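**Student:** show me how the following folds:
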Amino acid sequence: MDLLELKVKIYQKCIEKQKELLENSKAAMDDAQKAANEYGPPKDRYDSFRTQLLRKRDLYAEQYEKALKEFRHLEMINPEVKNNNVDVNTLVITNKQKFYVSIGLGKIDLPDGDFYVISPLAPIFQSLRGKRVGESITFNGQRIEVLNVV
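**Tutor:** Okay, the predicted model is just below:
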């Protein structure tokens with residue numbers, strides 16, 4: 001498979017995963033709000049159970065907002081753009097691992113292998129940023145060589 005096609009495939013998997021994360025956090029937020037509504041108004045001024053339910057809803061709301069922000073960031077990326085050096089929206093093949101730089105989603109398993117979807121804030125990206133094929137870095141005591149960049 002062509003590396004550009006692989007990059008597009010990884011990007012589509014990222015979109016799917018992020019949509020799933022959005023749906024799950026929205027459902028959890030709605031469930032927490034529903035539980036608070038069903039519980040009713042505070043029973044007295046020391047009613048901590050309702051406060052706990054609302055705090056839980058707010059936590060899920062924060063997760064939803066973060067997931068939505070990352071999803072919007074993903075939507076702005078055109079995965080068909082080729083890169084010559086390591087930057088955002090780059091598939092990086094090294095002698096140690098394979099990375100796709102977009103948002104921090106972690107490991108994605110594909111038939112073509114395991115890929116790590118990392119954020120531009122990840123320390124490994126900060127070390128690899130701007131590197132080209134054939135260049136190398138030392139990260140956590142290991143020599144990492146850039147084998148391919150798309």
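**Student:** and Gly1, what's its pLDDT?
**Tutor:** Careful, residue 1 is Met; it's not Gly. For Met1, the model assigns a pLDDT of 64.
**Student:** what segments of this structure are helices?
**Tutor:** Using DSSP state H, the helices of the chain run over 3-39, 48-75, 123-128.
**Student:** got the angle for the longest one vs helix 48-75?
**Tutor:** By that I understand helix 3-39. 160 degrees (axes from the mean of the first three to the mean of the last three CA atoms, to 10 degrees).
**Student:** gap between helix 3-39 and the chain center?
**Tutor:** 11 Å (CA atoms, centre = their mean, to the nearest Å).
**Student:** kindly report the same for the last one.
**Tutor:** Put simply, helix 123-128 sits 16 Å off its chain's centre (CA atoms, centre = their mean).
**Student:** and for that helix, what's in contact with it?
**Tutor:** Taking contacts as CB atoms under 8 Å, 6 or more residues apart in numbering, the residues outside helix 123-128 that touch it are Val86, Val92, Thr94, Phe99, Val101, Ile118, Ser119, Ile137, Phe139, Ile144, Val146. (Glycine included, C-beta is placed from N, CA and C.)
**Student:** which pLDDT does the model give the residue of the chain most remote from its centre?
**Tutor:** The outermost residue of the chain relative to its centre, with distances by CA atoms, centre = their mean, is Asp44 at 42.0 Å. Note for Asp44: predicted pLDDT of 73.
**Student:** may I have stretch 7-24 as PDB, with CA atoms only?
**Tutor:** C-alpha atoms of stretch 7-24 as PDB (Å, rounded to 0.1, in the frame of the first residue of the first chain):
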ATOM      1  CA  LYS A   7      -1.900   8.100   6.000                       C
ATOM      2  CA  VAL A   8      -5.500   8.700   4.700                       C
ATOM      3  CA  LYS A   9      -6.600   5.400   6.200                       C
ATOM      4  CA  ILE A  10      -5.100   6.300   9.600                       C
ATOM      5  CA  TYR A  11      -6.800   9.800   9.400                       C
ATOM      6  CA  GLN A  12     -10.200   8.200   8.700                       C
ATOM      7  CA  LYS A  13      -9.600   5.900  11.700                       C
ATOM      8  CA  CYS A  14      -8.800   8.900  13.800                       C
ATOM      9  CA  ILE A  15     -12.100  10.600  12.700                       C
ATOM     10  CA  GLU A  16     -14.100   7.400  13.600                       C
ATOM     11  CA  LYS A  17     -12.400   7.100  17.000                       C
ATOM     12  CA  GLN A  18     -13.000  10.800  17.800                       C
ATOM     13  CA  LYS A  19     -16.600  10.600  16.800                       C
ATOM     14  CA  GLU A  20     -17.000   7.600  19.100                       C
ATOM     15  CA  LEU A  21     -15.400   9.500  21.900                       C
ATOM     16  CA  LEU A  22     -17.700  12.500  21.300                       C
ATOM     17  CA  GLU A  23     -20.800  10.200  21.400                       C
ATOM     18  CA  ASN A  24     -19.700   8.500  24.500                       C
END
